[in-house]
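> no sequence on this one, just coordinates:
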Ligand SMILES: Cc1cc2nc3c(=O)[nH]c(=O)nc-3n(C[C@H](O)[C@H](O)[C@H](O)COP(=O)(O)OP(=O)(O)OC[C@H]3O[C@@H](n4cnc5c(N)ncnc54)[C@H](O)[C@@H]3O)c2cc1C
């Protein structure tokens with residue numbers, strides 16, 4: 001029997017471990033913290049009985065994950081819960097860019113001819129969604145099995161969001177695209193930022209933007225259940241400091257940052273071989289605030305009260321400017337804010353009458369800035 005050691009029990013490490021375990025490998029996972037899950041943990045951060053997602057809360061990527069689907073996580077306790085509306089980007093009063101699950105509803109809600117343009121952008125890709133998820137989630141090498149669909153996606157995806165937005169005339173569609181593209185954690189004039197926005201929008205139409213019932217922890221708990229059902233081992237409170245301390249195995253997988261690999265390589269990556277790892281530049285950080293609410297958030301736009309995810313940042317140009325400031329090392333006075341309000345879709349996380357909400361904005365990597373006041377000022381959108 002082949003064996004694998006996995007360091008780090010985040011969702012990616014656990015997915016790799018579960019896939020290998022299911023293929024008959026003997027897997028051992030080592031996690032530094034006392035609980036598994038990394039950025040997919042859920043915890044009672046503020047009040048007993050009120051469960052917050054520590055990082056990831058909304059899972060269009062999880063719901064469309066080819067790897068998750070192959071592991072049949074629903075048989076291990078995972079249940080996706082869909083809010084009525086996948087995503088809302090308020091623009092003042094009742095105005096908002098709204099991503100509905102239904103392409104037709106989204107098209108109908110966009111002003112002028114922007115609806116027809118949204119359809120022209122999305123429909124051909126939506127028809128090939130299953131192929132495209134496999135294509136974009138797999139290694140991007142080799143000849144695509146469906147070159148027409150791959151080319152159709154590639155020709156749209158390569159554009160920066162600042163170019164793709166020109167397809168639209170009105171704030172609603174432009175802001176919707178801008179907020180989606182801002183998930184790239186890149187300035188929006190960079191290639192492929194439009195593509196990421198497109199893919200997230202497509203996911204909204206194809207699989208929704210669900211939350212995991214009970215919290216994102218249930219995703220990693222389901223992965224752990226797969227691992228255990230194949231006799232895999234999970235060791236928590238076990239920080240790996242040096243790769244030489246690990247038991248010998250046919251494969252070692254590290255769910256870690258590149259510089260951590262250098263630090264634990266026992267000097268083997270001190271020379272030129274370690275240079276790419278040492279030079280790796282980390283992306284932006286997030287300043288995140290968690291809330292327990294005594295009622296649902298009374299957003300002005302009615303659609304905003306029906307979704308688990310909001311993008312607060314005004315029209316495209318303001319979102320673009322906010323992200324450009326982060327790239328220059330600062331945080332704007334009106335930052336682009338991402339909001340998750342999971343209890344709108346999943347009341348199991350909190351006692352009756354209690355609601356959870358988190359909000360974050362991007363900040364430069366490692367920034368200690370606390371910008372809670374700027375985040376909260378955006379709630380009035
Ligand atoms: C504020 C915020 C909100 C987010 N929201 C979403 C969202 O809504 N939807 C979404 O899909 N994604 C979201 N993400 C992104 C998501 O959390 C990450 O993509 C995901 O957690 C990455 O998983 P991973 O397994 O690669 O790494 P991680 O989740 O970081 O896991 C790495 C694990 O390795 C462990 N580890 C580190 N060093 C060692 C060591 N030396 N020895 C042993 N163990 C070690 C860590 O403790 C951790 O458990 C969000 C991220 C943030 C920060």
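Everything's here; your move. What you see is a predicted model, and the numbers here were worked out from it, not measured in a lab. Numbering: from 1, shown residues only.
> which residues in the protein form strands?
Remark: strands assigned in the chain by DSSP state E are 3-7, 26-30, 42-43, 52-53, 80-81, 87-90, 96-99, 211-212, 233-235, 251-254, 285-293, 309-312, 337-340, 355-363.
> Nearest to residue 191 among the ones you listed would be which one?
Set against residue 191 and scored by C-beta to C-beta, the strands of the chain come closest in strand 355-363, at 18.9 Å. Glycine gets a C-beta too; all of them are placed from N, C-alpha and C.
> Taking strand 285-293 as reference, get the angle to the closest one.
160 degrees (axes from the mean of the first three to the mean of the last three C-alpha atoms, to 10 degrees).
> near the ligand at all, strand 355-363?
Yes - applying C-beta under 6 Å from any ligand atom, one finds strand 355-363 touching the ligand at residue 360.
> so for that strand, what's the average pLDDT?
Average pLDDT, strand 355-363: 98.
> can you list the domains in the chain?
3-42+216-279, 81-212+282-380 (automatic domain parsing).
> In a markdown table: these, plus mean neighbour count.
Shown next, in a markdown table, are the domains of the chain (neighbours: other C-beta atoms under 10 Å):
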| stretch | mean neighbour count |
| --- | --- |
| domain 3-42+216-279 | 18 |
| domain 81-212+282-380 | 19 |
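> I'd like to know which of those lies nearest to residue 61.
domain 81-212+282-380 (6.9 Å).
> Let me see the contact set for the closest residue to the ligand within the stretch 101-250 of the chain.
For the stretch 101-250 of the chain and the ligand, the shortest gap (C-beta to the nearest ligand atom) falls at residue 240, measuring 3.9 Å. Counting by C-beta atoms under 8 Å, 6 or more residues apart in numbering, residue 240 touches 7, 30, 32, 246, 264.
> of all the residues you listed, which comes closest to the ligand?
Set against the ligand, the nearest of the contacts of residue 240 by C-beta to the nearest ligand atom is residue 32 (3.6 Å).
> Go ahead and confirm the closest one touches residue 238.
Yes - using C-beta atoms under 8 Å, residue 32 makes contact with residue 238 at a distance of 6.8 Å.
> Farthest-apart pair in the contacts of residue 240, please.
Pairwise distances across those (C-beta to C-beta) peak at 13.4 Å, for the pair 32 and 246.
> Residues touching the lowest-mean-pLDDT helix or strand in the chain, excluding its own?
Ranking every helix and strand in the chain by mean pLDDT, DSSP states H and E puts helix 147-157 at the bottom, with a mean of 83. By C-beta under 8 Å, 6+ apart, the residues outside helix 147-157 that reach it are 121, 124-125, 128, 131-132, 135-136, 144, 164, 192, 194-196, 198-199.
> repeat for stretch 253-271
Outside stretch 253-271, the residues touching it (C-beta under 8 Å, 6+ apart) are 4-10, 12-13, 16-17, 38, 240-244, 274, 276-278, 280, 282.
> Then stretch 23-36?
Applying C-beta under 8 Å, 6+ apart, the set of residues contacting stretch 23-36 from outside is 1-9, 13-14, 17, 20-21, 41, 43, 220-221, 224, 227, 230-240, 246-247, 249-251.
> What about those, which are in helices?
13-14, 17, 20-21, 220-221, 224, 227 (DSSP state H).
> near the ligand, which of those residues show up?
Intersecting these with the surroundings of the ligand, defined as C-beta under 6 Å from any ligand atom, gives residue 13.
> now, the most widely separated pair of the ones in helices among the contacts of stretch 23-36?
20 and 221 (18.4 Å).
> ok, back up a step: dump the contacts of residue 240 to JSON lines, plus distance to the ligand and pLDDT.
Output for the contacts of residue 240, formatted as JSON lines (distance: C-beta to the nearest ligand atom, whole Å; pLDDT from 0 to 100):
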{"residue": "7", "distance to the ligand": "5", "pLDDT": "98"}
{"residue": "30", "distance to the ligand": "5", "pLDDT": "98"}
{"residue": "32", "distance to the ligand": "4", "pLDDT": "98"}
{"residue": "246", "distance to the ligand": "10", "pLDDT": "97"}
{"residue": "264", "distance to the ligand": "7", "pLDDT": "95"}
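> how about those in TSV, adding distance to residue 338?
Shown next, in TSV, are those (distance: C-beta to C-beta, whole Å):
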residue	distance to residue 338
7	29
30	31
32	27
246	37
264	32
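> still on that earlier bit, so which of the domains of the chain comes closest to residue 73?
Per C-beta to C-beta, nearest to residue 73 of those: domain 3-42+216-279, 4.1 Å.
> Would you mind measuring the gap between the ends of that closest one?
Distance between the boundary residues of domain 3-42+216-279 (C-alpha to C-alpha, to the nearest Å) amounts to 31 Å.
> now stretch 248-256
Stretch 248-256 has an end-to-end distance of 19 Å (criterion: C-alpha to C-alpha).
> any residue of it up close to the ligand?
Yes - Stretch 248-256 reaches the ligand (C-beta under 6 Å from any ligand atom) through 255-256.
> quick check, distance from that stretch to the centre of its chain.
On the basis of C-alpha atoms, centre = their mean, to the nearest Å, stretch 248-256 sits 25 Å off its chain's mean C-alpha point.
> average pLDDT across it?
For stretch 248-256, the mean confidence score works out to 97.
> Pick out the lowest-pLDDT one from the contacts of helix 147-157.
residue 144 (77).
> Show the contacting residues for residue 70.
Contacts of residue 70 by C-beta under 8 Å, 6+ apart are residue 19.
> quick one: it and the ligand, what's the gap?
Distance from residue 70 to the ligand, counting by C-beta to the nearest ligand atom, to the nearest Å: 17 Å.
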